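Chemist: need a 3D model of the sequence below.
(chains A and B)
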Amino acid sequence: MTETVIRTRDLRKVYRGRAAVEQLNLNIGRGEIYGFLGPNGAGKTTTIRMLLGLIRPTSGRIEVFGRELRSHKLDILRKVGSLVESPSYYGHLSAVENLEAIRRILGVPKQRIAEVLDIVSLTGEEKRPVKGFSLGMKQRLGIAAALLGGPELLILDEPTNGLDPSGIQEIRSLIKRLPAEQGITVLVSSHLLSEVEQMADTVGIIRQGQMVYQDSIAHLQQQAAGDLRLALSEPEAALALAERRGCGGELREGRLILPRMNDARVALFVKELVENGHAVYRVEERRQSLEEFFLQVVEGGAS
Amino acid sequence: MMWRALSADWLKIRGKGLWFLVFLGPAGLLAMQGLNFGLRYDYLKNIHQADLWGGLLDNLSNFVPVALYLGGTLICSMMANVEHQTSSWKQLLALPVSRAAVFLAKLLLCLLLLAASCLLLSAGTVALGWMLGFQSQPVPYTDILRIGFLGYAAALPVILLQLWLSLAARNQTFPIACGITLSLLSLFSYSLSEWFPLNWPGLAWSSSKPWLFSISGIFLGLLVLLPGAWHFARKDVA
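Modeler: Predicted structure coming up:
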C-alpha cells in the first residue's frame, strides 16, 4: 500500500438534525486520481468542505499527509489546492489580478502566475476582466488558482459541472496529466460515473452521506462484467451440453445464458453446439454497464 | 500573514467604488458647508466673527457622526460583498491563511479607508476655509484634525458591528438596513444620556471632555470586535 494522503475516520456532519455525512472513511493514496462519486446531495461537497477546513465535522477525524487537520490546518492547506463547486473569482479583476490576489497570500514567486496560466491554456486572455469569461474559462482559472501554490494534493469539486463537451474534455485531460507530470494526488468529485471512469484510478461511491463502495476502477469494471447469451434451436439440449462441459448456465426467455468465459472456450463451445446439430442463431455478450452497476449501488443494492 | 491578506484585499477593492465612497463622504460634507456659508456668507461671518474657523467646524460637526455611520456601513458592506458576490470565501479560506488574519485584514482595510476619509475631511476643511477667506485668523490645525478623528474613534462600536454583520451575512440587506437605522437614530438620540453610544461621536466634538468619548468608543469597539472575530473564525463557510 502506498503512502496515504487523505484518511478520514468515521467522519460525520449533522445539519439541523439531519446527517449530511455519516461514518465516512476515505482512503486516498499518494499519486492517485481518486474519483469521488455520488448523486447530487449525497454529501460530496460537504465532505470536501470538511477536508478543506471550511466547515467543522460534527465528529470524526481527518488526517491529511498523515497529520490531523484540525491542529495542523495551515501547514496542510499550504500543500493543498482546491476548487469547490462553482468557480470563485473576482469578476471586476483580470485573470492575472485574480491570481495575484491569491499569490499575495500564498507568497509564491510572481512567475508562477504565468506558469499556471500556461498549464490551463489561458495565456493570451489574462488581461481581460474575468466577468467576460465563459464558464469553461472561469473553471480553468479556478484550476490555475488551485495550482498556484504548487500543491501536492488537488481537491476538485465537480470541476466539469456545467461545461460543454469540449470544455469537459479539456479539463479531463488536464486532470489526467497532473499526477503524471507533477506527482500530484487528485481528489475529484462528480455525479457522473462516465466522468470518473475516464479519469480516476480509484473510486469512492457515496450515498446519503455514507460510503457504499471504495475500490479501484479496474475492480469496479470487473464487478460489472456481464454474461453470454445464446439463441438456439434447442435450448434445453444445449443447456444439458453446457452442464456436461462444466460451463454452468441457465435458461431465460428461451435463451441460454452462460457466465463470462474466455474467447477460446466460447469458440470451442459454439463449435461443439454446431457439431451436435444445434442451429445457433445468435451469440451475444451482454455486459452490465458500469452505469447500471452504479445505479444498483446507489439505489441501495449492495455490491 | 495579515499583511499578505491585506495586500490581497487592497488589490481586490480596485474598481469597486470604495475609493470613490472614501472621497464622496468628505466632499459631500464640505459641499454642504460650502453652500451653507456661500448662501449666507455675511450673516454667518458676522455671528462667528470672533472665531471663523470654529464656526465652520461647529457647523460641520453636526453632520460628521451620521456621515461616519453611513460611510462605515457602506464601506463594510461593499468590502464584504467583494467576497460574497462570487462566493469567494470558500476559495479564500481554503488558502493557508488563518481566519483571524483574514478578519483582521478586512478590519484594517475598513479602518484605513475611513481614516483616509477623515484625513480628506480635514484637508478639505482647510481648503474650504481659505476659499471662504478665513486667512485673517490662524488655522486651528488640532481642531481640524480632531473633528474627523475623535468622532471616528467614538464611532468604532457601530463600525465594528457593521463589519461583523456584513462579513457574516451573504445577503447585505440586513447589515445595510441596520446601519442606516443606526445612522438615522443618531440624528435624533441627542436628548438621550451621554451613556448612549450612538451619541459619542457627536460628544467627541462638543463635550468638554471629548477624549473620554473617543476612548470609550475604542473600548466598546474592541468589545464588539471580539465576538465578531470569534464568530467569523468558527462559522461554516457555504
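Chemist: may I have stretch B:227-238 as CSV, with CA atoms only?
Modeler: The C-alpha trace of stretch B:227-238 is given here as CSV (Å, rounded to 0.1, in the frame of the first residue of the first chain):
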residue,chain,number,x,y,z
PRO,B,227,-17.4,38.2,19.3
GLY,B,228,-17.4,39.2,15.6
ALA,B,229,-13.9,37.8,15.1
TRP,B,230,-14.8,34.7,17.2
HIS,B,231,-17.9,34.1,15.1
PHE,B,232,-16.0,34.6,11.8
ALA,B,233,-13.3,32.2,12.8
ARG,B,234,-15.7,29.4,13.7
LYS,B,235,-18.5,29.7,11.2
ASP,B,236,-19.1,27.2,8.4
VAL,B,237,-18.4,28.5,5.0
ALA,B,238,-21.0,27.7,2.5
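Chemist: chain center to it, what's the gap?
Modeler: Shown here is stretch B:227-238, whose average C-alpha point lies 24 Å from the average C-alpha point of the whole chain (Cα atoms, centre = their mean, to the nearest Å).
Chemist: now do stretch A:29-39
Modeler: With Cα atoms, centre = their mean as the basis, the distance from the averaged C-alpha position of stretch A:29-39 to the chain average is 5 Å.
Chemist: end to end, how far does it reach?
Modeler: Separation of the first and last residues of stretch A:29-39 by Cα to Cα, to the nearest Å is 24 Å.
Chemist: okay, buried residues for the lengthiest helix in chain A please.
Modeler: Across chain A, the longest stretch assigned as helix under DSSP state H is helix A:165-182. Under the neighbour-count criterion of 16 or more other Cβ atoms under 10 Å in any protein chain shown, helix A:165-182 has A:G167, A:I168, A:E170, A:I171, A:R172, A:L174, A:I175, A:L178, A:P179 buried. Backbone N, C-alpha and C define where each C-beta goes, glycine included.
Chemist: quick one, what contacts the residue nearest the centre of chain A?
Modeler: For chain A, the residue whose C-alpha lies nearest the mean C-alpha position (Cα atoms, centre = their mean) is A:G35; its distance is 2.2 Å. When contacts are counted by Cβ atoms under 8 Å, 6 or more residues apart in numbering or on different chains, A:G35 touches A:V188, A:S189, A:S190, A:E195, A:V196, A:E197, A:M199, A:A200, A:T202, A:V203, A:G204, A:I217.
Chemist: which ones among these map onto strands?
Modeler: Cross-referencing the contacts of A:G35 against strands under DSSP state E gives A:V188, A:S189, A:S190, A:T202, A:V203, A:G204.
Chemist: pairing partners for the one helix or strand the residue nearest to the centre of chain A maps to, with directions?
Modeler: Using DSSP states H and E, the secondary-structure element containing A:G35 is strand A:33-37. The pairing partners recorded for strand A:33-37 under DSSP bridges are strand A:185-190 (parallel), strand A:202-207 (parallel).
Chemist: highest average neighbour count across those strands?
Modeler: By mean neighbour count, with neighbours taken as mean count of other Cβ atoms under 10 Å in any protein chain shown, strand A:185-190 ranks first of the strands paired with strand A:33-37 at a mean of 25.
Chemist: report the rounded mean pLDDT for that strand.
Modeler: For strand A:185-190, the mean pLDDT works out to 92.
Chemist: contacts for that strand?
Modeler: Here strand A:185-190 makes contact (Cβ under 8 Å, 6+ apart) with A:5-6, A:28-38, A:44-45, A:48, A:51, A:152-160, A:175, A:178-179, A:196, A:199-200.
Chemist: any quick ChimeraX command for the buried ones out of these?
Modeler: Command for ChimeraX, covering only those of the contacts of strand A:185-190 found buried under the criterion 16+ other Cβ under 10 Å:
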select /A:5,6,28,29,30,31,32,33,34,35,36,37,38,44,45,48,51,152,153,154,155,156,157,158,159,160,175,178,179,196,199,200
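Chemist: in chain B, which residue is closest to the centre?
Modeler: By Cα atoms, centre = their mean, chain B has its centre lying nearest to B:L68, at 3.5 Å.
Chemist: and that one, what pLDDT?
Modeler: Looking at B:L68, the pLDDT reads 93.
Chemist: ok, A:S303 next?
Modeler: What the model reports as pLDDT for A:S303 is 42.
Chemist: rounded mean pLDDT for stretch A:92-104, please.
Modeler: Model confidence over stretch A:92-104, given as mean pLDDT, is 93.
Chemist: OK, contacts around residue 52?
Modeler: Chain wasn't specified; assuming chain A. A:L52 neighbours (Cβ under 8 Å, 6+ apart): A:L77, A:V80, A:S82, A:V84, A:I155, B:K90, B:A94.
Chemist: not quite, I wanted chain B
Modeler: Applying Cβ under 8 Å, 6+ apart, the residues near B:L52 are B:K45, B:G129, B:L132, B:F134, B:S136, B:Q137.
Chemist: how many neighbours does the second one have?
Modeler: Here the count is done by other Cβ atoms under 10 Å in any protein chain shown, and B:G129 has 21 residues near it.
Chemist: contact partners for it?
Modeler: Contacts here follow Cβ under 8 Å, 6+ apart; on that basis B:G129 touches B:L52, B:W53, B:L56, B:V139.
Chemist: ok, it to A:S189 distance?
Modeler: Counting by Cβ to Cβ, to the nearest Å, the gap from B:G129 to A:S189 is 64 Å.
Chemist: can you check the third one too?
Modeler: Distance check for B:L132 against A:S189: by Cβ to Cβ, it reads 66 Å.
Chemist: go on, the fourth one?
Modeler: Shown here: B:F134 relative to A:S189, a distance of 68 Å by Cβ to Cβ.
Chemist: quick check: next helix or strand after the helix ranked longest in chain B?
Modeler: Using DSSP H, we find that the single longest helix of chain B is helix B:99-131. Using DSSP H and E, the helix or strand that follows helix B:99-131 in sequence is helix B:141-168.
Chemist: how far is that next one from where the chain is centred?
Modeler: On the basis of Cα atoms, centre = their mean, the separation between the geometric centre of helix B:141-168 and that of its chain is 4 Å.
Chemist: how about it, which residues are buried there?
Modeler: Residues B:143-167 are the ones in helix B:141-168 that count as buried (16+ other Cβ under 10 Å).
Chemist: how about stretch B:200-220?
Modeler: Of the residues in stretch B:200-220, those buried under the neighbour-count criterion (16+ other Cβ under 10 Å) are B:200-205, B:210, B:213-217, B:220.
Chemist: out of these, which comes closest to A:R70?
Modeler: B:L220 (33.1 Å; Cβ to Cβ).
Chemist: wait, doesn't A:M50 sit right on A:V14?
Modeler: No - shown here, A:M50 and A:V14 do not form a contact pair, counting by Cβ atoms under 8 Å, at 12.0 Å.
Chemist: in chain A, which strand is the longest?
Modeler: Every strand in chain A considered (DSSP E), the longest is strand A:4-15.
Chemist: show me what it packs onto, helices and strands only.
Modeler: Packed against strand A:4-15 by the contact rule (3 or more Cβ pairs under 8 Å, 6 or more residues apart in numbering or on different chains; DSSP states H and E) you find strand A:18-24, strand A:27-29, helix A:44-51, strand A:59-64, strand A:185-190.
Chemist: quick one: contacts of the longest one?
Modeler: When contacts are taken as Cβ under 8 Å, 6+ apart, the neighbours of helix A:44-51 outside the stretch itself are A:6, A:8, A:11, A:13, A:20-21, A:24, A:26, A:36-38, A:55-57, A:62, A:64, A:69, A:82, A:84-85, A:155, A:157-158, A:187, A:189, A:191, A:206, A:209, B:90, B:236-237.
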